[in-house]
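# Sequence and computational prediction follow.
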Amino acid sequence: MERSTSHRRTLARRLLGRTGALLLSAGLVGAAGCASASGGPAATDEAVAPAARTAPTGDPRVGLEAGLLDAGEATWNLNVVSETPPPEDFVGKTNSDLAFKDHYAIQGNYNGFQIWDISDPSEPSLVVGYVCPASQSDVSVYGNLLFVSAEGLGSRLDCGTQGVKEQVSADRIRGIRIFDISDIEHPKYVSNVQTCRGSHTHSVLVDPDDPENVYVYISGQAPVRPAEELAGCSGASPSEDPNTALFRIEVIRVPLANPEKAAIVSSPRIFENLVAPPQHGLAPEDKAELERARARGAFVFDMGGRSIILPDRYADQMLDSIVRERGGEGAPTGADSAALRARFEKMIAERMGEQGDGPQPGPNQCHDITLYPAIQRAGGACAGYGLLLDIRDPIHPRRLAAVSDSNFSYWHSATFSNDGSKILFTDEWGGGGQPKCRASDPKEWGADAIFTVENGKMRFRSYYKLPAAQTSEENCVAHNGSLIPVPGRDIMVQAWYQGGVSVFDWTDPDHPKEIAFFDRGPVNAETMEMGGSWSAYWYNGVIVSSEIARGLDILELAPSEYLTANEIAAARSAKLDYLNVQGQPRYTWPATYSLARSYLDQLERSGGLPAAEIAASRRELARAEVASEPVRAETLAALAERLEGRASGHAAPKVERLAEAVRELSNAGAPRTAASR
């Protein structure tokens, strides 16, 4: 339902009263983006589908009122816990990715990073806003170390805000920054590792066999920096230079006791023998926009066989830079325009790794790599391909399989199912800065692709795309998300930029289905301005969303016909000490009554057990929960034994998990808790 106008006006006053105005960042997000809850629901023995929570009639996301701080809002099966505007130093700067430690949310930003205390999700408090400009400032955490990506040409080693204007400079940082956050209110910048292409994103790998180090996988999207700035950097093709910085990732080893000694230990070439994948053409709206751009004299470039439009504001900035470089003044000349065109075409050629005639090579870098150490695998979202990697040797990851898809434009990120049997890739069609959720856009473009992992290979099953059409003034495409640890199901929360936040179930890989959402209207009703959810992640009972322009949002799940209070309570019981979504954890659940009841709810929903058996099992659980120890253990053991005898047919695995949960309760002497009452 739409939030009240008074609530939106209150949020506007909170930010505008403090800063006077909010100007959106001029950073190129298209290239960059790729961009205790109030008690929580209590578990119950009630029916699976509460009558009070039904799917909306029509989609309330369509037609929401526009506005930066007073936009209309729509929610379904989610509750908005808090909406916190950015602190003054970060107003107008792009918020990026999130990491979590203890009760803190660490939010990257193109002007540095912010650390929020979210112990009370209804009132997040800023612990520190650390000004240290870089794009994208993607963040990860391990122990007392914080890792922050730096890729932009203006990022400085000293965290200065004046930028770097020289083409070659000893002041520039392009790589990874390392901070000591043992005193989290006073982060200490302790080290950095420079790389040839910078760090667009990174992933932290914790090797259980190597407790003295962590490993950081670096994905850099920028052109290769000059060798005069960093020795050994080469942007040549592999045929010209076998040591080229293209067609590789970087692996950094970080000694935990001496992070200042962090260094690159390998540059795995996981892209060998891949050729350029098939691609789709332009959507109808994009074809029309391309013709309008050419008619007005905009800069239009070919990138990998597709035409792209350089936005006017970026073209103006680049032209101004060219004028300054030649010592000129006033308006750019025709020669300046020609120089911009040549420079941009060279940059595209370097990024695409084009060489000679014949088949063009495949990707020369990943956008993002999700490491799942529990199964010793990684999912590489690598521009034109999705890769499955073996990471048993952290320093030398090995490609097992690669998939491409003509419906996919830019493989952006990956998520495994908790058991590792499935993998989902996102497609950041349009680079995150364009509207790709319009009614006329194909549902297979800018979506998620779901695969099962079978014998070391990936088999395509289906697509999932945000089902509500967005306007031409809303940048919208699949972006960062994470699993919600509902036992026995694969449920994910995902950011869609100005498409908002979508929660969907992909337990059945052939039929993914949305079950909850949160959305705002466009930032501006008349023209595209950047905004929306960059990342939306589940962490210890709440969903935290990094809003590009509006700050930090915290949401919580509400019971519905798709998700019961017991399932939500069980998900909340799976606690983490820290979370980097790109270092995916394996979720486990403690023995609680909500865990057992969640399996019963699922069996009722699917018809996996007779109604009489469901009702009898609920009665026995309720009886055991209030019984004394001997009676409790005897009741639960008998129930577990009876359920084990009912495991048959398609529901057998779920019944076995239920029986196991009940058996664990009988053995654990599990007390009643707030999560299981």
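Arrived safely, thanks for sending. Numbers count the residues shown, from 1 in each chain.
# Would it be right to say that Glu285 lies in a helix?
Yes: using DSSP: H, G, I helix; E, B strand; the rest coil, the assignment for Glu285 is a helix.
# How about the contacts made by Glu567?
486-487, 489, 598, 601-602 (Cβ atoms under 8 Å, 6 or more residues apart in numbering). To be clear about C-beta, it is placed using only N, CA and C from the backbone, and glycine gets the same treatment.
# one more time with 10 Å
The contact partners of Glu567, taken as Cβ atoms under 10 Å, 6 or more residues apart in numbering, are 41, 43, 48, 484-489, 491, 557, 559, 594-595, 597-599, 601-602, 605.
# where does the stretch 51-200 of the chain dip in pLDDT?
Along the stretch 51-200 of the chain, the model assigns pLDDT under 70 to residues 51-57.
# can you map out the strands along it?
Using DSSP state E, counting those that start in this stretch, the strands of the stretch 51-200 of the chain run over residues 73-76, 78-84, 95-101, 104-109, 112-117, 125-131, 136-142, 145-150, 175-180, 188-194.
# Of all the ones you listed, which one is nearest Thr161?
Taking Cβ to Cβ, strand 125-131 is the member of the strands of the stretch 51-200 of the chain nearest to Thr161, at 6.6 Å.
# Compute the inter-axis angle for the closest one and strand 175-180.
Put simply, strand 125-131 runs at 130 degrees to strand 175-180, going by axes from the mean of the first three to the mean of the last three Cα atoms, to 10 degrees.
# Skipping adjacent residues, who's closest to Ser182 in space?
Among residues not flanking Ser182 along the chain, Asn144 sits closest, at 4.0 Å (Cβ to Cβ, 6 or more residues apart in numbering).
# what's around the residue lying closest to Lys465 once chain neighbours are set aside, how many residues?
Leaving aside its sequence neighbours, Lys465 sits nearest to Ala447 (Cβ to Cβ, 6+ apart; 3.7 Å). Close neighbours of Ala447, defined as other Cβ atoms under 10 Å, add up to 25.
# Ala447 reaches Phe408, doesn't it?
Yes: contact criterion Cβ atoms under 10 Å: Ala447 and Phe408 qualify, at 8.3 Å.
# joint contacts of the two?
Contacts common to Ala447 and Phe408, judged by Cβ under 10 Å, 6+ apart, are 425-427, 429, 463.
# So, low pLDDT: which residues of the protein?
1-57, 304-305, 350-358, 669-677.
# pull the longest helix from it.
Taking DSSP state H as the criterion, the chain has its longest helix at helix 334-352.
# Domain ranges for this structure, per the record?
Here the domain parsing of the chain from automatic domain parsing is 5-37+59-276+362-579, 284-352, 593-668.
# Burial-wise, tell me which of those comes out on top.
Of all the domains of the chain, domain 5-37+59-276+362-579 has the most neighbours on average by mean count of other Cβ atoms under 10 Å, namely a mean of 21.
# Now the residue most central in space within the chain: closest residue in space, sequence neighbours ignored.
Nearest to the geometric centre of the chain sits Asn480, at 2.0 Å (Cα atoms, centre = their mean). Nearest residue to Asn480, sequence neighbours excluded (Cβ to Cβ, 6+ apart): Ser535, at 4.0 Å.
# wait, doesn't the one you found sit right on Ser546?
Yes: Ser535 is within contact range of Ser546, at 4.7 Å (criterion: Cβ under 10 Å).
# between those two, what contacts are shared?
35, 95-98, 107-108, 480, 495.
# could those residues go into a markdown table alongside distance to Glu260?
What follows is those, written out as a markdown table (distance: Cβ to Cβ, whole Å):
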| residue | distance to Glu260 |
| --- | --- |
| Ala35 | 30 |
| Asn95 | 29 |
| Ser96 | 25 |
| Asp97 | 24 |
| Leu98 | 26 |
| Gln107 | 25 |
| Gly108 | 22 |
| Asn480 | 30 |
| Ala495 | 34 |
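# ok now stretch 128-144, how far from the chain's centre?
16 Å (Cα atoms, centre = their mean, to the nearest Å).
# First-to-last residue distance for it?
16 Å (Cα to Cα, to the nearest Å).
# Could you do stretch 577-590 as well?
Note: stretch 577-590 ends 15 Å apart using Cα to Cα.
# again with stretch 108-126
13 Å.
# One more: stretch 230-239?
Start-to-end span of stretch 230-239 (Cα to Cα) is 22 Å.
# Stretch 72-92 now?
End to end - Cα to Cα - stretch 72-92 spans 20 Å.
# sorry, back to before: identify the residues contacting the residue nearest to the centre of the chain.
Asn480 neighbours (Cβ under 10 Å, 6+ apart): 33-35, 96-98, 138, 201, 368, 412-413, 415, 426, 428, 493-496, 533-537, 545-546, 581-582.
# same deal with Arg398?
Neighbouring residues of Arg398 by Cβ under 10 Å, 6+ apart: 268, 270, 389-392.
# Can you convert these into CSV and add a column each for distance to Arg623?
Listed next are these as CSV, based on distance: Cβ to Cβ, whole Å:
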residue, distance to Arg623
Pro268, 57
Ile270, 56
Leu389, 49
Asp390, 49
Ile391, 47
Arg392, 48
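# Among those, which one lies nearest to Glu345?
Taking those together and measuring to Glu345 by Cβ to Cβ, the closest member is Ile270, at 27.6 Å.
# Hmm, that closest one is touching Phe247, no?
Yes: applying Cβ under 10 Å as the test, Ile270 and Phe247 come out as touching, 8.7 Å apart.
# Name the residues contacting each of those two.
Contact criterion Cβ under 10 Å, 6+ apart; residues shared by Ile270 and Phe247: Pro363.
# Excluding sequence neighbours, find me the nearest residue to Pro284.
The shortest distance from Pro284 to any non-neighbouring residue, by Cβ to Cβ, 6+ apart, is to Ser440 (5.2 Å).
# In three-state terms, how would the one you found be classified?
Once three-state DSSP is applied, Ser440 turns out coil.
# again with Ser307
Per three-state DSSP, Ser307 ends up strand.
# Pretty sure it sits against Ile348.
No: the pair Ser307 and Ile348 fails to qualify as a contact (Cβ under 10 Å) at a distance of 11.5 Å.
# Quickly list what's touching both of the two.
If you check Ser307 and Ile348 against Cβ under 10 Å, 6+ apart, the residues they both contact are Phe301.
# Could you check how far stretch 233-241 is from the centre of its chain?
Offset of stretch 233-241 from its chain centre (Cα atoms, centre = their mean): 32 Å.
# How about residues contacting it?
Defining contact as Cβ under 10 Å, 6+ apart, one finds that stretch 233-241 is touched by 174, 194-197, 223-227, 242-248, 269, 271-272, 346, 349-351, 353-356, 361, 364.
# Now do the same contact list for Ile491.
Each residue near Ile491 by Cβ under 10 Å, 6+ apart is listed here: 418, 483-485, 503-507, 515-516, 538, 557, 562-563, 567, 571.
# if I read this right, Ile218 contacts Val193, doesn't it?
Yes: counting by Cβ under 10 Å, Ile218 does reach Val193; the two are 8.1 Å apart.
# Overlap in contacts, those two.
With contacts taken as Cβ under 10 Å, 6+ apart, Ile218 and Val193 have 147, 175-176, 199, 250, 252, 264 as neighbours in common.
# Specify the beta-bridge partners of the nearest residue to Gln194 once chain neighbours are set aside.
Distance criterion Cβ to Cβ, 6+ apart; nearest residue to Gln194, sequence neighbours excluded, is Gly175 at 4.4 Å. For Gly175, the beta-bridge partners under DSSP bridges are Ala150, Gln194.
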